[in-house]
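Participant: build me a structure from this.
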Amino acid sequence: MPRLIPRDEAFQHLFAREGENLLEAGRALNAMFASFDRLEEHVATIQALEHRGDEIDIEILARLERSFITPFDREDIHELTSRLDDIVDGIQEAAETVVIYGIEDAPQEARRLAAIVAAQAEQLLEALRKLDALEAVGMHLQAIHDLENEADGLSRAAIGRLFRDGGDPLTVIKLRDLYAFLEETIDAGEDAAEVIERIAAKHQ
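Facilitator: Prediction:
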């Protein structure tokens, strides 16, 4: 029997595209920190991906405006879009900070935090691809939470070591800010996971 009011199924596809773009940005950040060369080129790549993400956000929100029935609550669709955008914005901010601050090398802790950003993005993409089978997202959300816990401890230890070692004050400030931007980006990943978790709870 045909539906009297069509249910727009395109959100799953759009969120998958959002996740793919996020993963590409996360991997670009990880590659930038792993090699720490061609920094301007890496930043330009990430800026282009951030712009693409904004375009996907606009498409999601425009579709939300014109859809009679949505697969999830409208506020959840809006918040998930916003949280995913926060992650890509954070990736861009961390990458740009390296260039703007003139950071010449990344400590191992910063490299690991960048790797965690990419690892979270992988798990988020898998969760976003399963929005039509929400019972299957649990292991991906748990992995995101575990990564955030690792990052939290790593960031605290790294900042503490910066001040204990008593290095050049300007370098300390630069690296402290970099750690903060990376940690905020990872926190945004956990925020996105919590929105997906809430969606899953509502539709069990």
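
Participant: pull the number of nearby residues for Ala31.
Facilitator: Counted by other Cβ atoms under 10 Å, the residues lying close to Ala31 total 16. All C-beta atoms are positioned from the backbone trio N, CA, C, and that covers glycine.

Participant: pretty sure it is in a helix, no?
Facilitator: Yes: the assignment for Ala31 is a helix, going by DSSP: H, G, I helix; E, B strand; the rest coil.

Participant: can you pull out the helices in this structure?
Facilitator: Under the criterion DSSP state H, the chain contains helices at 10-35, 39-66, 74-101, 108-129, 138-165, 169-202.

Participant: now for the fourth one, which elements pack on it?
Facilitator: Helices and strands touching helix 108-129, by 3 or more Cβ pairs under 8 Å, 6 or more residues apart in numbering; DSSP states H and E, are helix 10-35, helix 74-101, helix 138-165, helix 169-202.

Participant: what of the second one?
Facilitator: Under the contact criterion of 3+ Cβ pairs under 8 Å, 6+ apart, the helices and strands touching helix 39-66 comprise helix 10-35, helix 74-101.

Participant: pLDDT on it, on average?
Facilitator: The average pLDDT for helix 39-66 rounds to 96.

Participant: distance of the residue positioned nearest the centre of the chain relative to Leu61?
Facilitator: Geometric centre of the chain, nearest residue: Ile87, 3.2 Å, by Cα atoms, centre = their mean. Noted for Ile87: a distance of 17 Å to Leu61, by Cβ to Cβ, to the nearest Å.

Participant: what's the closest non-adjacent residue to Thr70?
Facilitator: Ile77 (6.1 Å; Cβ to Cβ, 6 or more residues apart in numbering).
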